[in-house]
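Colleague: The following block contains a protein sequence and its predicted model.
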Amino acid sequence: MRYLTCGEGRPLVLCHGFLSSAEEFGGRFRALAESRRLIIPDLPGNGASSPLTTRHTVQAMAAAVGALLQHLEIAEFDVAGLCLGASVANALVGRCPDRVGRLVLHTPLLAPTLVRRFYREQVRVLTLPPLWQGVVALSRHRMVSDLYKRYVIAEGDVDLETAQANFDNQRRADPVAAREWLRDGLRYEGLHALIQRTGPTLMIVALQDHMIDVPRLRRMVADQPNIRLFVDSEQGHGWNSAAVHRQLEVMRQFFAGGG
C-alpha cells in the first residue's frame with residue numbers, strides 16, 4: 001500500500017474518502033503535521049495503491065490499514081477519516097481499540113439509517129452492473145464530474161487545483177474497488193460501536209449535507225459525553241478551502257486535548 005508521511009509526534013492516521021488519495025486529504029490538513037506524525041495511505045484501489053485480491057469492504061480496507069501500521073511498527077496512534085474513509089477509521093478502532101487515542105470522523109457514513117433515503121436509492125441503482133459501466137464512463141468527463149460534485153455533493157466553490165486533483169483521483173480509482181467499497185460502505189453498521197467507545201471523539205458534519213441525516217445523527221450522539229459534534233453551518237457534504245480553514249482549528253484544538 002502506498003502512503004505518505006510527514007511531521008513529528010504522535011502518529012495520526014488519515015483515511016481519505018471515496019475516489020480520493022493521500023494527497024487530497026493529507027494536503028488539505030497538512031497543518032496538523034505541526035504536532036503529529038501524519039500517516040496517509042492511498043486506500044486499496046485508490047490513488048497509486050493496487051486493489052485488494054478480495055472484496056473491498058469497509059472491514060477489508062481497515063485490515064489493510066492495520067497491516068500497514070504493523071509494517072511501520074506503529075503501536076499507538078490517533079485516527080481520522082473522511083466520508084467513506086470515516087467508516088474505515090471507525091472499523092480500524094474496532095479492530096484495535098486499546099491502541100487508538102483520539103478519533104475524528106468527518107462527514108461520516110456510519111449506518112444506513114443515517115444516510116438519506118434518496119442517496120441510498122441513487123447509489124443502489126447506479127451501482128447495478130449495467131449502469132455502473134455508464135457511471136464510470138461519465139466520470140471520465142470533467143464537466144459531468146464537476147456538475148455532480150457542485151449540485152449533488154454540494155461542495156461549493158472549489159479552486160482549480162483542487163478540482164483537477166479530484167478529477168485525477170477519480171480517473172485513477174479502480175472501478176471494481178470503487179463499486180464494492182461504495183456498496184458496502186452504505187451497508188456498514190458502525191454507529192453502535194462508536195457509541196460504545198469511551199475515548200475522545202470529534203465528529204465534523206455539514207448542516208447542508210444532502211447525504212447524511214444530520215439532525216438524526218445529532219440526536220443519536222447527544223448523550224455521549226466523549227463525543228464532540230461540530231456542525232459546519234455553511235457547508236454541504238463536500239468541502240472546499242473555506243471549509244478547511246473553519247474545520248482545521250477545531251481539529252487542532254481537539255488533538256491538543258481541548259475537547
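Modeller: In hand now; what should we look at?
Colleague: Send over stretch 202-215 as CSV, restricted to the C-alpha atoms.
Modeller: C-alpha atoms of stretch 202-215 as CSV (Å, rounded to 0.1, in the frame of the first residue of the first chain):
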residue,chain,number,x,y,z
LEU,A,202,-14.7,14.5,17.3
MET,A,203,-17.4,14.4,14.6
ILE,A,204,-17.5,17.1,11.9
VAL,A,205,-20.7,17.3,10.0
ALA,A,206,-22.3,19.7,7.5
LEU,A,207,-25.7,21.2,8.1
GLN,A,208,-26.4,21.3,4.3
ASP,A,209,-25.4,17.7,3.8
HIS,A,210,-27.5,16.0,1.1
MET,A,211,-26.4,12.5,2.1
ILE,A,212,-26.3,12.4,5.9
ASP,A,213,-29.3,12.9,8.1
VAL,A,214,-27.5,15.4,10.4
PRO,A,215,-30.5,16.1,12.7
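Colleague: for that stretch, which positions count as buried?
Modeller: Using 16 or more other C-beta atoms under 10 Å as the test for burial, stretch 202-215 gives L202, M203, I204, V205, A206, D209, M211, I212, D213, V214. For glycine as for every other residue, the C-beta is placed from the backbone atoms N, C-alpha and C.
Colleague: ok, now stretch 16-34?
Modeller: Those buried within stretch 16-34 under the rule 16+ other C-beta under 10 Å are 16-26, 28-30, 32-33.
Colleague: Same check on stretch 54-74?
Modeller: Per 16+ other C-beta under 10 Å, stretch 54-74 contains these buried residues: 56-66, 68-69, 74.
Colleague: all helices for the stretch 51-200 of the chain, in order.
Modeller: Secondary structure of the stretch 51-200 of the chain (DSSP state H, counting those that start in this stretch): helices located at 58-71, 84-95, 117-126, 129-139, 142-151, 160-172, 175-185, 191-196.
Colleague: Point out the most buried one among these.
Modeller: helix 84-95 (a mean of 25; mean count of other C-beta atoms under 10 Å).
Colleague: With only the CA atoms kept, save that helix in PDB.
Modeller: The C-alpha trace of helix 84-95 is given here as PDB (Å, rounded to 0.1, in the frame of the first residue of the first chain):
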ATOM      1  CA  LEU A  84     -16.300   6.500   3.500                       C
ATOM      2  CA  GLY A  85     -12.900   6.800   5.000                       C
ATOM      3  CA  ALA A  86     -14.600   7.600   8.300                       C
ATOM      4  CA  SER A  87     -16.200   4.100   8.100                       C
ATOM      5  CA  VAL A  88     -12.700   2.700   7.600                       C
ATOM      6  CA  ALA A  89     -11.300   4.700  10.500                       C
ATOM      7  CA  ASN A  90     -14.200   3.600  12.800                       C
ATOM      8  CA  ALA A  91     -13.700   0.000  11.800                       C
ATOM      9  CA  LEU A  92      -9.900   0.300  12.500                       C
ATOM     10  CA  VAL A  93     -10.700   1.500  16.000                       C
ATOM     11  CA  GLY A  94     -12.900  -1.600  16.400                       C
ATOM     12  CA  ARG A  95     -10.000  -3.900  15.400                       C
END
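Colleague: Run through who's touching that helix.
Modeller: 13-18, 20, 25, 43, 58-59, 61-63, 65-66, 79-81, 100, 103-110, 181-182, 185, 188, 190, 193-194, 197, 199 (C-beta atoms under 8 Å, 6 or more residues apart in numbering).
Colleague: partners of the residue positioned nearest the centre of the chain in the sheet?
Modeller: For the chain, the residue nearest the mean C-alpha position is L82 (2.0 Å; C-alpha atoms, centre = their mean). In this structure, L82 bridges to H106 when assessed by DSSP bridges.
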